[in-house]
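Novice: sharing a sequence plus its predicted fold:
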Amino acid sequence: MSRDRTSRRFYRAESTHDLLSYLDKGQAACEENRWTFETAWEAANKVGGIYTVIRSKAYVSTEEMGENYCLLGPYKEHCARTEVEEADFPSNSPLTTAVNAMRSKGYKLHTGTWLVDGNPQIILFDIGSAAWQMDSYKQELWDTTSVGIPHLDVEANDAVILGFMVADFITEFRKAAENYSDTPPRVVAHFHEWQAGIGLIVLRVRHVDVATVFTTHATLLGRYLCAGNTDFYNNLDKFSVDEEAGKRQIYHRYCMERAAAHMTHIFTTVSDITGYEAEHLLKRKPDFITPNGLNVKKFSALHEFQNLHALAKEKINEFARGHFYGHFNFDLDKTLYFFIAGRYEFGNKGADIFIEALARLNHYLKSSGSEMTVCAFLIFPAKTNNFNVESLRGHAVTKALRDTIHDIQQKIGKRMYDICLGGHLPDASDLLHKDDTVRLKRCIYALQRDGLPPVTTHNIVDDWSDPVLNSVRRCQLFNTVNDKVKVIFHPEFLTSTNPLFGLDYEEFVRGCHLGVFPSYYEPWGYTPAECTVMGIPSITTNLSGFGCFMQEHIADPMSYGIYVVDRRYISLEGSVQQLAQYMYDFTKLTRRQRIIQRNRTERLSDLMDWRNLGIYYRQARAQALKIVYPDYVDHMDRELGKRFNYPRPISEPPSPTHSRATTPAPSLHGSEDEDEVDEEKELAELRITD
């Protein structure tokens, strides 16, 4: 292969944004007396997606800043009890001085390390210990910013108390750090979302000498507007933000968020689409885009990810056998598993167009005479009474059949052994006795069912008003024997103790073939990112932060198994048709082509790694320090503005049309070639030569 051709090959691109050169475990930060405090409501408090951001980023944060990095958040006992190892900080640390100063005022603080990768230092504030000062806090906020907080808004009250406690702590720390080193202290206070924003506001109105960074992961008003079925993105510049916030009774929260966004030195959002939203709703354009990453080390399986896919897929096959008993007329070797998962936001997560597109896909597969079957899983937590009896019965009768066959197999093996020892070849009548046949017939009769396989695995509370079930009814996806698309609604998150699947979420994702996330409102989108690092192709949209990021940094996302549906510039009907076509094209891929595509998708995992994406946060902090401390010089700074872009792979995506010359020959089902594909084999398979 020529050198030029080789240079265009994609293995694992080394990004110019690699953070590795900065990971000195805080040596530089210690020499510069530079400290970073990151405040979030979700620090050691599992509430939403920001918890995943903070938790997954902790490793690179501590590798970069060491003990000069500390997380701040509220003390929530049910989470902290299992996630935080309480301990005192070193006696000579300014953190200890500041903590003791706060405790001397009567505040309760819990200090220690968070039991996640990196073991970052953490301080959790007991909000109840400062509740007696809530009225004076609110008064100060009103006097300085004219933002009033209603007495009955408990969440906003807690945010105010936490904000003032954090501001008091950072003020005390700033004083203590003066005596810690001959170098003047350089303190960065980083706040996530409106719940933590009050701390930033207080630091600024009190003129505390610290650099501030504020990150919004999704605007508060944006969430409410999208939930109200508005044409959000086409009307962003037309909304009367004060009026809209007032109508939804969140005006005070909106004011807190907007004030924090305007008072901070550096304002960041997690994606370009959220930056566009913030520019119109918060009236400030972000200074930096700080994309969300993952701790890829947790998910990496090296060359084993293909084997893990096969193992997890077999467990999902076992579920399908039990769920569709009595109507099990499809070949599991020609069955594809699609899934959508996340918070139960029916419209925002795109479940509405997913179900509609599945109905179109069902028609395409039937009219084309395709041999493929698609099982589509919808995993959204909803209120349920318990498991569906029919679902449990299916797994019971299939287990009985499996156990019966296993028992008969052992008996037949023993009989065959004894007969062969006597020097004879056994006849069928010698092996399978009449009582064995009777047992098998009883199991087969037990597999008969009158009704159709259920659409849901649980009994849904108020199922007549459930949006997923209503949409399934409207599209008539009832799992009949003639349907090529089968729908399973699983209304709770997956755990390994689940009696139906016996899989945790990560295993389930590895066993599926395609993740479908056609979101309308998705500031980032961790679900497709997790699919990517596990080597599972996914469908996203140009209204999700993940989709925008992939379009920006990959020359041809579809070549790497990232399908981006247009939900911004075309009609809703056009989006449904595009989604249905993407899924239909995927069903036409051969097994070999899907293997190649999974390999390409997994290669993008480095792009999602915090060791690459963490550099954006570092840039934001460095810029904030330069604004507040003009004499500050970042000695480790270097040219980081280069755009990095993953090229289109030399082995272009194989066409699903079998007549094309580049289409690889289909592999035999169950063959070992699913386990691994290296670059040379891939090129040979696609018949690409110099």
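Specialist: Happy to help now that I have it.
Novice: the stretch 201-350 of the chain: helices as residue ranges?
Specialist: 220-227, 241-247, 251-263, 272-281, 296-299, 305-323 (DSSP state H, counting those that start in this stretch).
Novice: could you dump those into a markdown table and include mean pLDDT, distance to Gly73 and mean neighbour count?
Specialist: C-beta here means a position set from N, CA and C on the backbone, and glycine is covered the same way. Shown next, in a markdown table, are the helices of the stretch 201-350 of the chain (pLDDT from 0 to 100; distance: least, Cβ to Cβ, whole Å; neighbours: other Cβ atoms under 10 Å):
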| stretch | mean pLDDT | distance to Gly73 | mean neighbour count |
| --- | --- | --- | --- |
| helix 220-227 | 91 | 19 | 20 |
| helix 241-247 | 96 | 26 | 15 |
| helix 251-263 | 97 | 16 | 22 |
| helix 272-281 | 96 | 22 | 21 |
| helix 296-299 | 75 | 22 | 16 |
| helix 305-323 | 92 | 34 | 18 |
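Novice: which stretch among these comes nearest Lys441?
Specialist: Nearest of the helices of the stretch 201-350 of the chain to Lys441, taken as Cβ to Cβ: helix 305-323 at 18.9 Å.
Novice: tell me the contacts of Thr373?
Specialist: 330-331, 334-336, 365, 484-486 (Cβ atoms under 8 Å, 6 or more residues apart in numbering).
Novice: which of the residues you listed are buried?
Specialist: 330, 335-336, 365, 484-486 (16 or more other Cβ atoms under 10 Å).
Novice: count the neighbours of Asn348 for me.
Specialist: When neighbours are counted by other Cβ atoms under 10 Å, Asn348 registers 19.
Novice: now it, nearest residue through space, not along the chain?
Specialist: Leaving aside its chain neighbours, Asn348 sits nearest to Tyr521 (4.2 Å; criterion: Cβ to Cβ, 6 or more residues apart in numbering).
Novice: Leu236 versus that neighbour, what's the distance?
Specialist: 12 Å (Cβ to Cβ, to the nearest Å).
Novice: who has more neighbours, these two?
Specialist: Tyr521 (24 against 15).
Novice: confidence score at that one?
Specialist: You'll see Tyr521 listed with a pLDDT of 94.
Novice: just to revisit the earlier point, please dump the contacts of Thr373 into CSV; it should also carry pLDDT and distance to Arg223 for every row.
Specialist: Conversion of these to CSV gives the following (pLDDT from 0 to 100; distance: Cβ to Cβ, whole Å):
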residue, pLDDT, distance to Arg223
Phe330, 92, 40
Asp331, 94, 43
Lys334, 96, 41
Thr335, 97, 37
Leu336, 98, 33
Leu365, 97, 36
Lys484, 97, 36
Val485, 98, 31
Lys486, 97, 33
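Novice: need the residues you listed in TSV (columns: distance to Ile444).
Specialist: Output for the contacts of Thr373, formatted as TSV (distance: Cβ to Cβ, whole Å):
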residue	distance to Ile444
Phe330	18
Asp331	19
Lys334	23
Thr335	22
Leu336	28
Leu365	29
Lys484	25
Val485	27
Lys486	22
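Novice: return the closest of those with respect to Val208.
Specialist: Leu336 (56.7 Å).
Novice: for stretch 478-490, buried residues please.
Specialist: 479, 483-490.
Novice: pLDDT on the helix or strand containing Thr171, on average?
Specialist: Taking DSSP states H and E as the definition, Thr171 sits inside helix 154-177. Per-residue pLDDT values across helix 154-177 average out to 97.
Novice: again, but for stretch 369-384
Specialist: Mean predicted confidence for stretch 369-384 is 96.
Novice: now the helices for the stretch 501-650 of the chain?
Specialist: Going by DSSP H, counting those that start in this stretch, the stretch 501-650 of the chain shows helices at 505-511, 526-533, 545-553, 572-587, 591-603, 610-628.
Novice: can you pull the contacts of Met583?
Specialist: Counted by Cβ under 8 Å, 6+ apart, Met583 has contacts 338, 357-358, 361, 374, 514, 516, 539.
Novice: show me the two of those that sit farthest apart.
Specialist: Pairwise over those, using Cβ to Cβ, the maximum falls at Val374 and Ile539, 13.1 Å.
Novice: helix/strand/coil for Ile353?
Specialist: Assigned state for Ile353: helix (three-state reduction, DSSP: H, G, I helix; E, B strand; the rest coil).
Novice: what's around it, how many residues?
Specialist: When neighbours are counted by other Cβ under 10 Å, Ile353 comes out with 25.
Novice: per-residue confidence at it?
Specialist: On the pLDDT scale, Ile353 is placed at 97.
Novice: so who does it touch?
Specialist: 518, 572, 575-576, 579.
Novice: how about the contacts made by the residue nearest the centre of the chain?
Specialist: Nearest to the geometric centre of the chain sits Tyr526, at 2.2 Å (Cα atoms, centre = their mean). Residues near Tyr526 by Cβ under 8 Å, 6+ apart: 49, 52, 292, 294, 546.
Novice: looking at these, which is nearest Arg603?
Specialist: Leu294 (15.0 Å).
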